[in-house]
Structures are given as structure tokens and as C-alpha cells.
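Enquirer: pasting the sequence and the predicted coordinates here, then a few questions.
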Amino acid sequence: MLYYLWEIFNINLFSYITFRAGVGFFIALFSALFLMPPFIQWANYKKAKQPISSYTPKNHQNKVGTPTMGGIVIVVSTLIANLIAAKLDNIYLLLGLACLILFSAVGIRDDMTKILAKNNVGLNARTKFGLLLLIALSISIALYIYGLNTNFYIPFYKNPLLDMVFFAPLFWSLVFVSATNAVNITDGLDGLATVPSLFALFSLMVFVYVSGNVVYSSYLFYPLIQGSGEVVIIAASLMGALIGFLWFNCHPAEVFMGDSGSLAIGGVVAYCAIICKAELLLFLISFIFVIEAASVILQIFSIKTFSKKIFLMAPIHHHFEVKGWAESKIIVRFWIIALISNLIALLSLKVR
């Protein structure tokens with residue numbers, strides 16, 4: 001809307017992505033702050049409460065009865081902000097919003113299954129993976145058809161290693177599925193996934209802005225992706241919505257985001273990394289999500305292969321809970337690690 005006001009009334013300020021991203025951030029923030037209290041009331045009335053898994057530490061039983069599916073408010077707030085602040089005829093923006101909506105839809109279906117069944121199992125694993133893969137392939141193929149750069153880059157090196165050509169959609173789909181599941185696994189403590197998501201989105205917002213800007217991409221020897229800069233507004237809006245959500249999700253949480261939020265966040269994080277050619281850098285940007293997912297994979301592999309556990313409980317944040325760490329200590333220390341890893345990732349912009 002704002003962009004088109006620039007065209008109609010020649011208000012030059014509305015043409016700047018940075019300004020509209022700032023507007024999107026605050027609209028999403030205040031939308032989330034405004035919408036979350038009535039949503040929590042509605043969720044309590046409908047008994048849309050988070051079932052607690054029996055495979056979590058005993059202290060998690062204190063969380064029984066906490067409303068879930070707060071991710072719906074995160075997604076709605078982000079959409080409202082983009083409808084007002086973004087240029088809606090931009091293909092990269094539209095595909096980014098499609099990621100947000102479609103991955104969230106899978107999460108909503110999963111959350112509803114848990115609520116109705118009154119257990120933490122959710123969708124069948126094959127069904128859930130199949131839906132995530134279908135969405136990932138669809139978005140990836142759309143990007144490929146539109147002509148997104150298929151070169152493969154590594155951090156701290158300015159030249160591409162190779163051109164993935166028609167293998168690119170398969171690689172991008174792997175990035176989507178990995179990121180969505182990693183964020184989903186991390187979402188196990190109050191605010192644990194939210195703040196690392198904020199750090200990741202901020203870093204990716206910088207990389208997307210640079211890749212979409214002719215001057216900065218040339219100066220920093222970064223691959224230019226014409227038109228991708230508009231996705232900065234999605235990242236900024238999602239950050240605003242997450243901060244609004246965190247107001248109610250900080251320990252002790254009044255609401256959980258559920259899969260409806262975590263899958264949507266993972267999808268947007270992956271999408272931003274793909275369009276700014278930071279797929280491999282995602283290991284640093286999403287370092288907390290990586291170690292959380294890796295801890296689950298290693299635990300399952302060790303049990304099935306050696307009949308022994310590596311961790312007291314997986315994912316790794318539960319390992320520290322079992323060791324006696326306070327939940328707040330685990331959360332804050334993981335936030336610190338996420339901040340440091342993102343600062344290192346941002347250095348790769350200049351050190352190339």
C-alpha cells in the first residue's frame with residue numbers, strides 16, 4: 001500500500017525498502033501485542049492447549065494447560081504488515097509470503113491433531129514430512145523457473161564454487177525441510193526458539209538487502225539478485241511479530257507458538273537464505289537450530305546402532321534440564337550462543 005502511495009502522490013520516502021521495512025516491523029509488533037490477548041482467551045475457551053509429551057523432563061508437566069497455536073497470531077500479524085508496507089507485485093515477496101502461509105498451514109494441521117487427540121504425537125511423520133517436502137519443492141521449482149541464481153557459494157569466499165543448474169531445486173528443498181524441522185525441534189522451552197529466530201532473521205535481512213541492492217552487492221562482491229530486496233519487509237515484519245509474541249511467551253509462558261509458528265519461521269528463514277545465496281552460511285546463522293537438530297539425529301543413531309544414549313535426553317536443551325540447569329539459564333545461554341554465531345556470520349559480508 002505505502003509503495004503505491006509513492007507512485008500516486010510522489011511521496012519519495014515510501015519508495016525506500018528500509019523505511020517500509022521499519023513500518024512493517026512496528027505494524028506487526030503492535031498487531032501481535034493487540035491480537036495475542038484475545039487469542040489466548042479464545043484458546044483457553046476452546047481448550048486449545050498444549051499436550052505435554054511424556055518424553056520431556058518432569059518439570060514440563062507444570063506447563064500443562066498452556067494455550068498453543070500462538071503462531072497463528074505471528075503469521076497474521078506478519079501478513080497485515082506486508083499488506084500495508086510491501087510492494088505486492090514482487091515475485092520474491094509473493095513466494096516468501098507463500099512460504100509463511102503454507103508452512104504455517106501444515107503446522108496448524110499438526111497442532112489441531114495434537115489438541116483433538118489430547119497427546120503430543122500430531123500428524124503421522126510420513127504425512128508431515130511429505131507435506132513439508134511438497135511445499136519446499138513447489139517453492140523451489142517456482143524460484144528456479146523465475147530464474148534465481150543457481151550458483152553455490154560458501155561463506156567468506158566471493159566466487160561461486162559451482163553451478164547446481166537443475167539440481168538447485170532439490171538442494172533448496174533440502175534447506176527448507178531441514179530449517180523447518182530444526183526450528184520445530186528447538187521450540188521446547190519458553191522463548192528458546194524465538195530469540196535465535198530474531199537473530200537469524202536480522203542477519204538474513206541484512207544479506208537479502210545487500211543482495212538486492214546494486215551498489216552494496218557490487219561493493220561487497222556479493223551476488224546480485226534483482227528484486228529480492230523486497231523480502232526484507234517479510235523478515236522485518238516477522239521480527240516485529242516475534243517480539244510481540246515474546247512478550248507473552250517469555251518464562252513462564254502464557255502461550256506457545258506451536259508448529260503453526262515454528263514451521264512458518266523455519267520456512268521464512270530458509271527462503272531468505274536461499275534467495276540471498278547464504279544456504280551454507282545458514283549453519284552459522286541458525287547455529288542453535290543446527291545443534292538442536294543434530295543432537296536428536298545423533299541420539300537416535302547412537303541408540304539404534306550402539307543401544308546407548310549420547311545425551312541424557314534429546315534435543316540437547318532437555319539434556320541440560322535433566323542435568324539440573326534452570327530453564328532460564330539454558331534459554332539465556334542458548335541466546336548468547338545464537339548472538340555470537342550471527343555476529344560471526346555477518347562478518348562474512350566484509351571478509352570475502
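Expert: Everything's here; your move.
Enquirer: least trustworthy helix or strand in this structure by mean pLDDT?
Expert: Using mean pLDDT, DSSP states H and E, helix 2-9 stands out as the lowest-scoring helix or strand of the chain, at a mean of 60.
Enquirer: could you point out which element follows that helix?
Expert: helix 17-45 (DSSP states H and E).
Enquirer: and that next one, what other elements does it pack with?
Expert: helix 2-9, helix 71-85, helix 194-211, helix 232-249 (3 or more CB pairs under 8 Å, 6 or more residues apart in numbering; DSSP states H and E). To be clear about C-beta, it is placed using only N, CA and C from the backbone, and glycine gets the same treatment.
Enquirer: now for the residue minimising distance to the centre of the chain: which residues touch it?
Expert: In the chain, the C-alpha nearest the mean C-alpha coordinate belongs to Ile265, at 2.4 Å (CA atoms, centre = their mean). Shown in contact with Ile265 (CB atoms under 8 Å, 6 or more residues apart in numbering): Gly71, Ile74, Val183, Ala193, Ser197, Leu238, Leu242, Met257.
Enquirer: same thing but at 7 Å, please
Expert: Val183, Ser197 (CB atoms under 7 Å, 6 or more residues apart in numbering).
Enquirer: what angle do the regular element (helix or strand) spanning it and helix 71-85 make?
Expert: Here Ile265 sits within helix 258-275, counting by DSSP H and E. Orientation note: helix 258-275 sits at an angle of 40 degrees relative to helix 71-85 (axes from the mean of the first three to the mean of the last three CA atoms, to 10 degrees).
Enquirer: ok, back up a step: export the helices and strands packed on helix 17-45 to TSV and tack on distance to Ala314?
Expert: Below are the helices and strands packed on helix 17-45 laid out as TSV (distance: least, CB to CB, whole Å):
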stretch	distance to Ala314
helix 2-9	45
helix 71-85	23
helix 194-211	18
helix 232-249	23
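Enquirer: among those helices, which comes closest to Ala270?
Expert: Distance to Ala270, taken as CB to CB, is lowest for helix 194-211 among the helices and strands packed on helix 17-45, at 9.6 Å.
Enquirer: and the helix or strand just after the closest one, which residues are buried?
Expert: Proceeding N to C from helix 194-211, the next assigned helix or strand is helix 214-219, under DSSP H and E. Judged by neighbour count using 16 or more other CB atoms under 10 Å, the buried positions of helix 214-219 are Tyr216, Ser217.
Enquirer: what average pLDDT does helix 214-219 get?
Expert: The average pLDDT within helix 214-219 is 93.
Enquirer: how far does the helix holding Ile265 sit from the chain's center?
Expert: Taking CA atoms, centre = their mean, to the nearest Å, one finds helix 258-275 lying 3 Å from the centre of the chain it belongs to.
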